[in-house]
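**Student:** Return atomic coordinates for the entry below.
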Amino acid sequence: MYIRKSIRPYKGRTYTNYVLVESVHTANGPRQKTVCSLGDLSPRPRAEWLKLARKIEDALVGQDDLLDAADNEVADIVRRVRARRATDNGDEVAPAPSASPRAASAALIKVDPSRVTTERHREAGPVHVGYQFWQRLELDRILRDCGLSATVQRLACAMVLNRLIAPCSEHAMPDWIRRTALADILGVDFGGLKEDPLYGVLDKLHPHRAAIETALVACERSLFNLDATIYFYDLTSTYFEGQCARNDKAKRGHSRDHRGDCKQVVVGLVVNRDGFPITHEVFAGNTQDRKTLATMLDRLAERASLRQGATVVVDRGMAFDDNLAEITERKLHYVVASRQPERDRWLADIEDTDGFAPVLRQPSPLNPAQKKTTIEIKTRVDGEHTYVLCRSEQRIAKDRAIRTKQEGRLRADLDKLAKRIAENKLVKAEKINQAIGRLKERYPRVARYFDLSYDPQTATFAAQFNAEKYAKAERLDGCYLIKTDRSDLSGDELWRIYILLTRAENAFRDMKSPLAERPIFHHTEPRTEAHILMCSSDCSMSYELQMGVGHGPRRLGVGTAVPFDDIDPLRNAIVPSVSLST
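**Tutor:** Just a heads-up that it's a prediction; the model follows:
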């Protein structure tokens, strides 16, 4: 509500009147509705006008003023407004109370407003919003059904909200909890909370990972009517700080975080077409991507009721014949990006410009100025398989830049290896062949264009560049191949399905950065897996937030991107303790 000034001339005189109005939604858009007339307010200071409007607004909703005495003017205006509203609605006018409840009470004490102080200011907005989403996902019920105590439920809630709002370690978490209004919301005293009970929560959650994930997926499907016909599977790695001697899964391997100096675990994640995490699994840090698919299909069947006829979408790292046979044996369908050897077979069709059709792509509703890359596709059927040949002019420069960078690094390392051999710093043939193998593993994108060999008889190292294979790769720049066993979809539909695999990548990005999944400081396997479970649950809450407010998942009030426009007022919602001096 606010005050609007009204000026009306009458018989040569000008009359000024002030009216209290409120904005209401109508079929024709927002309109101003007069609440009541306040008369001429000019005798009093302008600063008092807004104060009067706030008092009236509070009184109309039953909000009493603790510090100000009863105001007869406000009471009279409220009585007239309620009478007018009752008349408009055809209701009987309720009789006005004979006296204020406070005036009738004998237990009232006098308070000196000038000596009122506040203390223990606690941030309430973000934790309040986060707790509403915790309740919508019924996580209290899920944990209770797992046999976990009320104390564990409340601590788990606090830990999940911390990771969603302001991630920190379990050591620092008690102080953060006390700086928020979680104690008021949950009805628990966290004054003496230490970090040990929080570590204990991880230990108690770990045996129930499958049950929690199963119940969470069922709840999300009920809330949002989620699609259960297409699943997107991808992997990432996340690294540890420390040696992790008590974690058998902590191994060194290919690091997506570019932290080859640290031990890591590999995390497999399945999302649906809306981006909601469905299930996940934690593998040893040196596990190859192609060896994880069967396990993840088992997890999907156990936790998400994977049905026959569903479609699994994976990237080229898992597009091997044995994996595709595994999918087919389970009576599922697949959409994959074909590997390099299979792509070479379609070189002539890719170079033939006839038959390519552009994919119409619309900019994001949240970013109308977004410029999408140009994609052209061509569909070919070969036996039981359908292939979609895709090419993008904008991707050509990217592919060439990546290959040029890798080639420069490989040539530099080849020169170093040749120098070590020539100077007899590396003599044994076994060690030299191991060094060659490591280079091939480190630079798989460009090592295929070099024939590397060592002749122990002549003690010579040779690196022959295969110009023909290199030229063929250049002709395939900006092109990729999608393969499927489904024959009921057009090339455009297959491309749009495959491109949704980026939603799994987005989920990993949210887990790693806004939700601070990495680095992992837990050195035992159960706590590591419970920590990743908690990040996955937070990711579900983030996507629930996205569905609710139409923005991307980000921490509540933290980071460069925010989930909704009015986050600042929420962060400014503070719950203080008020000290009244009599």
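**Student:** ok, Asp145 touching Ala218?
**Tutor:** No - contact between Asp145 and Ala218 fails when scored by Cβ atoms under 8 Å: they sit 11.4 Å apart. (C-beta placed from N, C-alpha, C; glycine too.)
**Student:** Kindly report the domain assignment for this protein.
**Tutor:** 2-104, 394-475 (automatic domain parsing).
**Student:** Could you pull up the mean pLDDT of the shortest one?
**Tutor:** This means domain 394-475. Averaging pLDDT along domain 394-475 gives 90.
**Student:** Also the longest one?
**Tutor:** Confidence for domain 2-104, expressed as mean pLDDT, is 72.
**Student:** Angles on the backbone of Pro197, please.
**Tutor:** Dihedral pair for Pro197: phi -60, psi -30, per degrees, to the nearest 10.
**Student:** who's in contact with it?
**Tutor:** The neighbourhood of Pro197, defined by Cβ atoms under 8 Å, 6 or more residues apart in numbering, consists of Thr151, Leu155.
**Student:** for the stretch 201-350 of the chain, what spans make up the strands?
**Tutor:** 230-239, 264-272, 277-284, 311-314, 333-337 (DSSP state E, counting those that start in this stretch).
**Student:** Present those strands as TSV; the columns should include distance to Ala47, mean pLDDT and mean neighbour count.
**Tutor:** Compiled in TSV, these are given as follows (distance: least, Cβ to Cβ, whole Å; pLDDT from 0 to 100; neighbours: other Cβ atoms under 10 Å):
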stretch	distance to Ala47	mean pLDDT	mean neighbour count
strand 230-239	56	95	22
strand 264-272	55	95	25
strand 277-284	53	95	22
strand 311-314	63	96	24
strand 333-337	66	95	22
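**Student:** Compare these and report which one is nearest to Pro576.
**Tutor:** Pro576 lies closest, by Cβ to Cβ, to one member of those: strand 277-284, at 37.3 Å.
**Student:** mind listing what the closest one pairs with, with the direction of each?
**Tutor:** Partner strands for strand 277-284, per DSSP bridges, with pairing direction: strand 264-272 (antiparallel).
**Student:** Can I get the strand it pairs with as PDB, trimmed to CA atoms?
**Tutor:** Only the C-alpha atoms of strand 264-272 are listed here, as PDB (Å, rounded to 0.1, in the frame of the first residue of the first chain):
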ATOM      1  CA  GLN A 264      40.800 -39.000  -7.200                       C
ATOM      2  CA  VAL A 265      37.600 -41.000  -7.600                       C
ATOM      3  CA  VAL A 266      35.500 -41.300 -10.800                       C
ATOM      4  CA  VAL A 267      31.800 -40.300 -10.400                       C
ATOM      5  CA  GLY A 268      29.200 -41.600 -12.800                       C
ATOM      6  CA  LEU A 269      25.900 -39.700 -12.900                       C
ATOM      7  CA  VAL A 270      22.700 -40.400 -14.700                       C
ATOM      8  CA  VAL A 271      20.200 -37.500 -15.300                       C
ATOM      9  CA  ASN A 272      16.900 -37.400 -17.100                       C
END
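**Student:** what angle separates it from strand 230-239?
**Tutor:** Computed by axes from the mean of the first three to the mean of the last three Cα atoms, to 10 degrees, the angle separating strand 264-272 from strand 230-239 equals 160 degrees.
**Student:** how about the lengthiest strand in the chain: buried residues?
**Tutor:** When the chain is parsed with DSSP state E, its longest strand is strand 13-26. By 16 or more other Cβ atoms under 10 Å, the buried positions in strand 13-26 come out as Tyr18, Val19, Leu20, Val21.
**Student:** I'd like to know how far Ala435 sits from Leu414.
**Tutor:** 10 Å (Cβ to Cβ, to the nearest Å).
**Student:** For Thr374, find the nearest of the domains of the chain.
**Tutor:** Closest to Thr374 of the domains of the chain, according to Cβ to Cβ: domain 394-475, at 6.6 Å.
**Student:** before we move on, the earlier item: let me know the closest of the buried residues of strand 13-26 to Tyr543.
**Tutor:** Using Cβ to Cβ, those come closest to Tyr543 at Val21, 40.0 Å.
**Student:** you'd agree that closest one is up against Met1?
**Tutor:** Yes - at 6.9 Å, Val21 counts as touching Met1 under the criterion of Cβ under 8 Å.
**Student:** shared neighbours of the two, anything?
**Tutor:** With Cβ under 8 Å, 6+ apart as the test, Val21 and Met1 both reach Val35.
**Student:** What helix or strand is the residue nearest to Gln370 when sequence neighbours are not counted located in?
**Tutor:** Distances taken as Cβ to Cβ, 6 or more residues apart in numbering place Pro363 nearest to Gln370, at 3.9 Å, with adjacent residues excluded. In this assignment (DSSP states H and E), Pro363 forms part of neither any helix nor any strand.
**Student:** for Ala397, helix, strand, or coil?
**Tutor:** Reducing the assignment at Ala397 to three states with DSSP: H, G, I helix; E, B strand; the rest coil gives helix.
**Student:** how many neighbours does it have?
**Tutor:** Counted with other Cβ atoms under 10 Å, the neighbours of Ala397 add up to 11.
**Student:** quick one: it from Arg252, how far?
**Tutor:** Distance from Ala397 to Arg252, by Cβ to Cβ: 33 Å.
**Student:** who are the neighbours in contact with Trp176?
**Tutor:** Trp176 neighbours (Cβ under 8 Å, 6+ apart): Asn162, Ala166, Cys168.
**Student:** from those residues, which would you call buried?
**Tutor:** Asn162, Ala166.
**Student:** related to what we said a few turns ago, I'd like the buried residues of strand 13-26 written out as TSV, with distance to Phe465 added.
**Tutor:** Listed next are these as TSV, based on distance: Cβ to Cβ, whole Å:
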residue	distance to Phe465
Tyr18	86
Val19	85
Leu20	83
Val21	80
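**Student:** closest to Tyr233 among the residues you listed?
**Tutor:** Checking the buried residues of strand 13-26 one by one against Tyr233 (Cβ to Cβ), the nearest turns out to be Val21, at 56.5 Å.
**Student:** Ramachandran angles for Val381?
**Tutor:** The phi/psi pair for Val381 (degrees, to the nearest 10) is phi -110, psi 130.
**Student:** In this structure it contacts Tyr387, no?
**Tutor:** Yes - contact criterion Cβ under 8 Å: Val381 and Tyr387 qualify, at 7.5 Å.
**Student:** Just want to know which of the two has more residues nearby.
**Tutor:** Neighbour comparison, Val381 and Tyr387: the larger count goes to Tyr387, with 22 against 9 (by other Cβ under 10 Å).
**Student:** Distance check, Asp227 against Arg273.
**Tutor:** 5 Å.
**Student:** From the neighbour counts alone, determine which of those two ranks first.
**Tutor:** The neighbour comparison of Asp227 against Arg273 (other Cβ under 10 Å) goes to Arg273, with 18 against 13.
**Student:** And the pLDDT for the more buried one?
**Tutor:** We have a pLDDT of 90 for Arg273.
**Student:** And for Gly552?
**Tutor:** pLDDT, read off for Gly552, is 42.
**Student:** Equivalent analysis for the one 5 residues further on, please.
**Tutor:** What the model reports as pLDDT for Gly557 is 40.
**Student:** Val129 now?
**Tutor:** pLDDT at Val129 comes out at 85.
**Student:** how much space between it and Thr458?
**Tutor:** Val129 is 72 Å from Thr458, by Cβ to Cβ.
**Student:** Likewise for Lys431?
**Tutor:** Counting by Cβ to Cβ, the gap from Lys431 to Thr458 is 17 Å.
**Student:** More neighbours: which of those two?
**Tutor:** Lys431 (11 against 8).
**Student:** For the stretch 351-500 of the chain, which segments count as helices?
**Tutor:** 393-422, 429-442, 444-447, 467-475, 491-499 (DSSP state H, counting those that start in this stretch).
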